[in-house]
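K.L.:
Everything below, folded, please.
(chains A and B)
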There are 2 protein chains.
Amino acid sequence: MASSEDALRRSLAEKQSAVEAQGQLVRDLKAAEKAKDEVDQAVKLLNDLKLEKAEVEKELQAVVTSNGGVTGPAISRDAFRQAVVNTLERKLFYIPSFKIYGGVAGLYDYGPPGCAVKSNVLAFWRQHFVLEENMLEVDCPCVTPEVVLKASGHVDKFTDLMVKDEKTGTCYRADHLLKDFCKDKLEKDLTIASEKVEELKHILAVLDDLSAEELGSKIKEYGIVAPDTKNPLSDPYPFNLMFQTSIGPSGLSPGYMRPETAQGIFVNFKDLYYYNGYKLPFGAAQIGQAFRNEISPRQGLLRVREFTLAEIEHFVDPEDKSHPKFKEVENLDFFMFPRDDQVSGKAAKKMNIGEAVSQGIVNNETLGYFIGRVYLFLTSLGIDKERLRFRQHLANEMAHYACDCWDAEIECSYGWIECVGIADRSAYDLRAHTDKSGVDLVAHEKFAEPKEVEKLVIAPVKKELGLAFKGTQKNVVEALEAMTETEALEMKANLETKGEVDFYVCTLEKNVTIKKNMVTISKQKKKEHQRVFTPSVIEPSFGIGRIIYCLFEHSFYMRPSKAGDEQLNVFRFPSVVAPIKCTVFPLVQNQQYEEVARGIHKNLTAAGISCKIDTTGTSIGKRYARTDELGVPLAITVDKTDSVTIRERDSKAQIRVDVTEVASVVKEVTDGQSTWADVQWRYPTHHSGAAEE
Amino acid sequence: MASSEDALRRSLAEKQSAVEAQGQLVRDLKAAEKAKDEVDQAVKLLNDLKLEKAEVEKELQAVVTSNGGVTGPAISRDAFRQAVVNTLERKLFYIPSFKIYGGVAGLYDYGPPGCAVKSNVLAFWRQHFVLEENMLEVDCPCVTPEVVLKASGHVDKFTDLMVKDEKTGTCYRADHLLKDFCKDKLEKDLTIASEKVEELKHILAVLDDLSAEELGSKIKEYGIVAPDTKNPLSDPYPFNLMFQTSIGPSGLSPGYMRPETAQGIFVNFKDLYYYNGYKLPFGAAQIGQAFRNEISPRQGLLRVREFTLAEIEHFVDPEDKSHPKFKEVENLDFFMFPRDDQVSGKAAKKMNIGEAVSQGIVNNETLGYFIGRVYLFLTSLGIDKERLRFRQHLANEMAHYACDCWDAEIECSYGWIECVGIADRSAYDLRAHTDKSGVDLVAHEKFAEPKEVEKLVIAPVKKELGLAFKGTQKNVVEALEAMTETEALEMKANLETKGEVDFYVCTLEKNVTIKKNMVTISKQKKKEHQRVFTPSVIEPSFGIGRIIYCLFEHSFYMRPSKAGDEQLNVFRFPSVVAPIKCTVFPLVQNQQYEEVARGIHKNLTAAGISCKIDTTGTSIGKRYARTDELGVPLAITVDKTDSVTIRERDSKAQIRVDVTEVASVVKEVTDGQSTWADVQWRYPTHHSGAAEE
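P.N.:
Numbers count the residues shown, from 1 in each chain, chains lettered A, B, ... in the order given. Okay, the predicted model is just below:
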């Protein structure tokens, strides 16, 4: 795609030069009052060249607005999104929060069908991950004291760079402004030089890595101003994205609304390890709200200020990241986008996860296992596997402590969206909380028999140190004991050769002189009965709202009504996701049929199947259309008192089933024990009349 | 109970007088150097009187510390609670949040079994209320802009009265200090005069209604000081209990973490009414986190700073609060505690909900229906129906706008705890948001045929008003149009008699003179096609954490081990609540048995049944004890390769079932399709060996 764009830009530049040259020629011929024939011929050539140029321009326009791989040009993407969003809002899948007060950017409510989809997705997540892997699920508060988020790094580093309109004070995300500028330039100005194109594209590629200074200088260089007022902008500065609050009445205990659920699991590691019988590996999980005080939220449900996360922290021995169930996923093939392919400009490609692990493209089996499980989870929900890829983080994208990280990205009308992050975070989080809290968050491996190990022993001679340093003796002793192996061995060597050394004690902020008699440094053989280590953490983290939005787009389609006079909207949700599993309609308003319908509705409800009865006199076709717009898989029409029809949403095929059997047939299909094809084969087909479809 | 306490206090005072009188007599006899016999006899009588007094004192002590009806004296209540809480904490049902950092008062995590219980309770709530009543469930954010909570009254009135230690600044809830003082005095000082007893008891009864001034003067009068330092206390002043934050980067949009989920439903009324096809009544529901920045949290899980609420807002025509399904609950009998019985000092009594509604004790059928449904919900979870009562709010307890309000109170070791509030909130909330937002939150009733109604019409004569008031004409017009019917009719009468009237225009903050020619006020007959009204709201609101804590206490019991050498803990959770439905143990460590166990475990997991496998070599008795402590209803022991035993937790009875059938038997029982008795009858009984039980 990129190379075709380059070729087109080059071609456009050539055509432009040719047009200009020919235009000059025409002007020259006219000035020289050449023969009409000669002039006409030159003009004809000029017009042909202009047409050719227009052709190339059109082609290039289509390419640059297609957003690198999303099907169709921008115009149809936007129209598609508008159709989905209209249906979603009209049917109350979601609602801008506090709408009657004008709403709040980045806050959305899930209305009845959206709320049902969300709770179905979460229930399936619990079944697919927590229950299947015997994970330890916990439920921690959102309000979090500062110390926890200091340790995790969020207080210092969970920031976005912000610029302010210098006159009105309106705030913008600095990278958004630069991104918009570059994209706009690339899409709308087709004549820019190819070096400029390269430069702008490079900026888009490295946008996430730009420092405040770099962003600021680019904003200055390009003359970017506040979008609404055209006022000048401040230099970029970091804004912490956590919602801050205060715990208790004193005002002295700052707290934050958690930016992720993971920290609640890390601080409980010790208890969870005990609960798991002191065995590794084990997974802990949490579903809950997380908060991010976005500077200027956009992209609807994709970037919001409050969202539901479902996170897994799988604790594993850093020396053994194999996974006993890896075999169950190793034959899966799906789109992967390894780091090297991204750097060398290749596209994502279908790969086998087993091979990706064995070739070392994915760092370890456990990471690979979760990638496979995430693939199965998303595709079971109805995410299109052709628009799902696992993209490896580039070296500069990853946190410095991470071993490897893959994002499940789903393509929707906004482009490729990160919906699940699957990271090997090594021992970073547990170490950070160990350091800050002083509580050892470690695991033990008991040896079958004791092992002999050589260990460095630093033994300060307290008597001599006391004589030499008196009141500061303690600081010196602690500094000596805190030496690394290398430092200690260097001191030992120096003491042996020189008899004394200068030694910096950081708690005293000065050098002291250590003499040979003040410390013994030796290597000793010791018997050890166990290995003590900080477990590594593999973290699959799911943005539930983003997954649901992509699912809405992937499930949505339009089809003509039977009369062909309008386009009807359908969500092809699988049963596991569908907000309502079944609707029940009496064909006509008639007491007998209504009684049958109510009886069926009651049986379905008692069986735990979410269903809806519609006894309005609306035409059956309209009622089917309404239920298709909610993605209801099955519709029961009561057209007799002893048997009814069941219609499947996508095929519109109908079968006839006895009233006594209907609830169990619906349960079978919606629970996933049977497919529609199975039951279709068992029951007679019903051919609908003209009014139904 | 109260009367027995009075009698004992009187009796104690008599004994005390008798002891004093007899003591005086002994002293007199000795002083008079009376015969030894006579003195000895008097001393003996004195000692007898002292013993009698001690007896009464002991009895009284037991009564005053038994907290009005909770079984047993305080000491055994505390011991019971300690036993429950120890088990809950050891098994990680819950954990003080951020424990490794010393914790935060009022914040708790649910560990694995607690989290499972919670999600089971919520799933059952959804089935019992949302699905059963076809409620519209929504999911709104916790972050809420100030305007919404201004309208609801929370910004101004969601406060507790606080006092500060004048030297250290430590904050206390004023009512807690006064309550502790009164209770302490009543429990520990048995000699106080009966008028004083009455006074202290009265304070405890009206504690919630005391104003800041009243609380402050009582604190002064009783000389109450800061509990930790004995420093003097400040006057009480209101502290707003909402966690405050700021939305967006500007710092100009204050927001709060919602104190309840209800407001999210109210602001969406218009959309939900549309979604329901413009039909009343309908229920909307929401499950989610709510926040309350308690001044000094206590009582463990019962008073916390963040908690899960499940709320229903049932919108109903204020002129018709009947309920079509009331028949389904009207025969239920349970403990009710109507207002009159509380005032006249009677106890709660078993009543029939149908009668309570027909006698007008409960205001209306819809309220009565929900009381019945709440009763069924709580008892299905395992709440003891003998320790559950519905207490009607006293007139002074209710919000001024509420029609009627009943709390489901559950008795636990802390006394009677309000766990569900069921209130008829009339039209208050929808009106408040209509006023603040300017969006009409109303419903319409279309008349079958137009009705003729007499309506007051206020028609300001703009020309005359313009001449008279020029620039302020608009304010006067609006004020005229805003008159109530009474005000307008009074003006009409005055204008007719006097020709002009003084009229206060609040937006001008002054009186103006209105003349007869400036306004026409008349009653006109109009045809109306519909009635427009603000629906009433019936709100059942569930404190999920409180229900769960009470459930833990009601489900807990201890029984001796088979050897009789220790007490074992058991939670008798019903299947619907149990965190794990079934455990699987190989009887001995043996590869064949383990394979069978793993196969069963896999089948159960695939069937969506939460189960746990334990292949440790621990004795089978110990493994049963472990699983009883988690409240697991069924345990499968693999002691053969073709059949296994299933053991029921409470009866410890065992049956033998084929390996091929075991998953379906467990599913049947845990899904509630069959009872244990049903399957016990179908399969042979297994008699356990000595080691098992």
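K.L.:
Mind listing the strands the longest strand seen in chain A pairs with, and their directions?
P.N.:
Ranked by residue count under DSSP state E, the longest strand found in chain A is strand A:443-460. Sheet partners assigned to strand A:443-460 using DSSP bridges are listed as strand A:519-533 (antiparallel).
K.L.:
hang on, the earlier thing: identify each buried residue in the longest strand of chain A, please.
P.N.:
Under the neighbour-count criterion of 16 or more other CB atoms under 10 Å in any protein chain shown, strand A:443-460 has A:A443, A:I458, A:P460 buried. For every residue, glycine as well, the C-beta is placed using N, CA and C.
K.L.:
from those, which single one is nearest B:K321?
P.N.:
A:A443 (60.3 Å; CB to CB).
K.L.:
Name whatever forms a beta bridge with the closest one.
P.N.:
When bridges are called by DSSP bridges, A:A443 pairs up with A:F533.
K.L.:
Got phi/psi on the residue nearest to the spatial centre of chain A?
P.N.:
Centroid-nearest residue in chain A: A:C419, 2.5 Å away (criterion: CA atoms, centre = their mean). A:C419 adopts backbone torsions of phi -110, psi -30, taken as degrees, to the nearest 10.
K.L.:
re earlier: so after the longest strand of chain A, what's the next helix or strand?
P.N.:
helix A:462-469 (DSSP states H and E).
K.L.:
List the buried residues in that following helix.
P.N.:
For helix A:462-469, by 16+ other CB under 10 Å, it's A:E464, A:L465, A:A468, A:F469.
K.L.:
Which pair in these has the greatest spatial separation?
P.N.:
Longest span within the buried residues of helix A:462-469, CB to CB: A:E464 and A:F469, 9.4 Å.
K.L.:
Can I get the buried residues of helix A:462-469 in CSV including distance to B:G283?
P.N.:
Below are the buried residues of helix A:462-469 laid out as CSV (distance: CB to CB, whole Å):
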residue, distance to B:G283
A:E464, 80
A:L465, 75
A:A468, 79
A:F469, 75
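K.L.:
with those residues in mind, which one is nearest to A:K164?
P.N.:
The closest of the buried residues of helix A:462-469, once distances to A:K164 are taken by CB to CB, is A:F469, at 53.2 Å.
K.L.:
Next one: the closest residue to the closest one other than its chain neighbours from B:L367, what distance?
P.N.:
Spatial nearest neighbour of A:F469, chain neighbours left out: A:V476 (5.2 Å); criterion: CB to CB, 6 or more residues apart in numbering or on different chains. According to CB to CB, to the nearest Å, A:V476 stands 75 Å off from B:L367.
K.L.:
Check which residues of the host helix or strand of A:H433 are buried.
P.N.:
Assigned by DSSP H and E, A:H433 belongs to helix A:428-437. Under the neighbour-count criterion of 16+ other CB under 10 Å, helix A:428-437 has A:Y428, A:D429, A:L430, A:A432, A:H433, A:T434, A:K436, A:S437 buried.
K.L.:
That helix to strand A:443-460, inter-axis angle?
P.N.:
50 degrees (axes from the mean of the first three to the mean of the last three CA atoms, to 10 degrees).
K.L.:
can I see the domain layout of chain A?
P.N.:
What the TED database lists as the domains of chain A is A:1-66, A:449-533, A:566-682.
K.L.:
give me the low-pLDDT residue ranges for chain A?
P.N.:
Across chain A, the ranges flagged by pLDDT under 70 are A:1-3, A:65-75, A:400, A:688-693.
K.L.:
mind checking the SS state of A:T472?
P.N.:
Secondary structure, DSSP: H, G, I helix; E, B strand; the rest coil: A:T472 is helix.
K.L.:
Alright, I will stop here.
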